[in-house]
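**Q** Pasting the sequence and the predicted coordinates here, then a few questions.
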Amino acid sequence: MPHLQSRSLRVYVDYLEYLDQTQLPQAEQWVRCDSPEEWQHAVKNLAIRGAPLIGLSAAFVLAQTAARHPQGSWQSVSDRLRATRPTAVNLMYCLDAMEACFEQGAAALAERAAELFAEDRALCQRMAGRGADLLQSGDRVLTHCNTGALATAGVGTAIGALAVAQQRGVELHVYVDETRPLLQGGRLTAWEMADLGIPYQLIADSMAASLMAAGKVDKVMVGADRICANGDFANKVGTYMLAVAAHYHNVPFYVVAPYTTVDPACASGGDIPIEQRDAAEIRGASGAFGDVVWAPENAPVWNPAFDVTPAALVTAWVLDTGTFDAAAIARGEHCQGRG
Ligand SMILES: CSC[C@H]1O[C@H](OP(=O)(O)O)[C@H](O)[C@@H]1O
């Protein structure tokens, strides 16, 4: 029996099991992870994905590796984990927290990883409750990528807010962006919406602006991978396009994230490292989804995994620590608690 479990992670004393998110929704396949190398492979391929989950799983892998190699270089292991995906700052938050315990030994690392896991579960509940406070029956909410229980230790971030609203009896209709190229929305969010019993419709990313133009979207609610000191934030590519369309159509645009996604050291969006990914994901032969190739074999590709939305396009930032408007962001109130 795992001593800790979330929707996509099972934590045992000296190894992990993760729900391989590249196999969803067709198959629920749990995979054992015994080493930093196996974790890196899973994270690079988005078998393990979602800003909070990436950080939390890294913490457990570091703790378990330290216990196996008490004389090893724990710092070099942490450095390798840290370099795996550069944009989501939760990874850095968790590894910073773990490195601060190195001098206390491997047992303290295991305890710290468990604390981070429990913290995220509690943060999800708080931020989801704040997000649900912004929703009312009849709302048609558009969301992008996947920000549910699969991506966190708890109910999720933006989708967590939808789930809590549903629990409160708030009747929603959700438009789910399929989220090209890796289809986290079409594969994972659609699967979670069905699991939660929330009415939804799956759309191509290119359809979102027309839905807003037709007056069919009341709110946009998305997650984040890194929120800057000035409120700019990085999220799955396609988020910026949504924010521009929402601004043009006067649709409230909310970003929902834990305080562990805030990076006070990142002054503004231009400072966020944006992960560039393999061209095959755009051409079609992404590997994870079969070998359907629709582009010319050597078609030149640009494939940033994230884009940056300026603070000016955000209605409110919904964190576990509070719901912040632009004025509060300008005062840096969202950075409180993020040392
Ligand atoms: C609560 S997950 C936050 C964030 O992470 C996702 O990226 P990826 O699927 O590449 O891990 C997406 O940007 C979500 O909004």
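**A** Thanks, I have it.
**Q** quick one: strands adjacent to the helix or strand hosting Val141?
**A** Taking DSSP states H and E as the criterion, Val141 maps to strand 140-143. Strand 140-143 pairs in its sheet with strand 173-177 (parallel), strand 219-222 (parallel), by DSSP bridges.
**Q** so after it, what's the next helix or strand?
**A** Downstream of strand 140-143, the next assigned helix or strand under DSSP H and E is helix 158-167.
**Q** For the residue of the chain positioned farthest from its centre, give its distance to Ala214.
**A** Farthest-out residue of the chain from its mean C-alpha position, per C-alpha atoms, centre = their mean: Gln71, at 33.6 Å. For Gln71, the distance to Ala214 equals 64 Å [C-beta to C-beta, to the nearest Å]. Backbone N, C-alpha and C define where each C-beta goes, glycine included.
**Q** who touches the nearest residue to Ile48 once chain neighbours are set aside in this structure?
**A** Distances taken as C-beta to C-beta, 6 or more residues apart in numbering place Ala42 nearest to Ile48, at 4.4 Å, with adjacent residues excluded. For Ala42, the residues meeting the contact criterion (C-beta atoms under 8 Å, 6 or more residues apart in numbering) are 18, 20, 31, 33, 48.
**Q** now for those, which pair is the farthest apart?
**A** Spanning the widest gap among the contacts of Ala42 are Asp20 and Cys33, at 10.3 Å by C-beta to C-beta.
**Q** more neighbours, those two?
**A** Each of Asp20 and Cys33 has its neighbours counted (other C-beta atoms under 10 Å); Cys33 has more, 24 against 19.
**Q** Against Tyr15, how distant is that one?
**A** In terms of C-beta to C-beta, Cys33 sits 6 Å off from Tyr15.
**Q** same question, Leu150
**A** Note on Leu150: its distance to Tyr15, by C-beta to C-beta, is 20 Å.
**Q** and what of Ala97?
**A** Applying C-beta to C-beta, the value for Ala97 to Tyr15 is 21 Å.
**Q** how about the strands of the stretch 151-300 of the chain, start to end?
**A** 173-177, 200-203, 219-222, 226-228, 233-236, 253-256, 262-263 (DSSP state E, counting those that start in this stretch).
**Q** Of all these, which one is nearest the ligand?
**A** For the strands of the stretch 151-300 of the chain, the distance to the ligand is smallest for strand 233-236, at 3.4 Å, taking C-beta to the nearest ligand atom.
**Q** Quick check: mean pLDDT of that closest one?
**A** Confidence over strand 233-236 (mean pLDDT, whole number) is 98.
**Q** What lies in contact with that strand?
**A** 87, 144-145, 179, 184, 222-227, 255, 257, 269, 272, 274, 305-309, 311, 314, 317.
**Q** does the ligand sit close to that strand?
**A** Yes. Against the ligand, strand 233-236 shows contacts by C-beta under 6 Å from any ligand atom at 235-236.
**Q** what pairs with that strand, and is each one parallel or antiparallel?
**A** strand 226-228 (antiparallel), strand 306-309 (antiparallel).
**Q** Turn those into a markdown table, columns for distance to Gly337.
**A** Compiled in a markdown table, the strands paired with strand 233-236 are given as follows (distance: least, C-beta to C-beta, whole Å):
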| stretch | distance to Gly337 |
| --- | --- |
| strand 226-228 | 13 |
| strand 306-309 | 22 |
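**Q** more neighbours, Leu150 and Tyr15?
**A** Leu150 (25 against 17).
**Q** Model confidence for the residue farthest from the centre of the chain, exactly?
**A** pLDDT recorded at Gln71 is 93.
**Q** Which helix or strand contains it?
**A** Under the criterion of DSSP H and E, Gln71 resides outside all helices and strands.
**Q** Could you report the separation of it from Gly105?
**A** Distance from Gln71 to Gly105, by C-beta to C-beta: 12 Å.
**Q** What of Leu95?
**A** Taken as C-beta to C-beta, the span from Leu95 to Gly105 is 17 Å.
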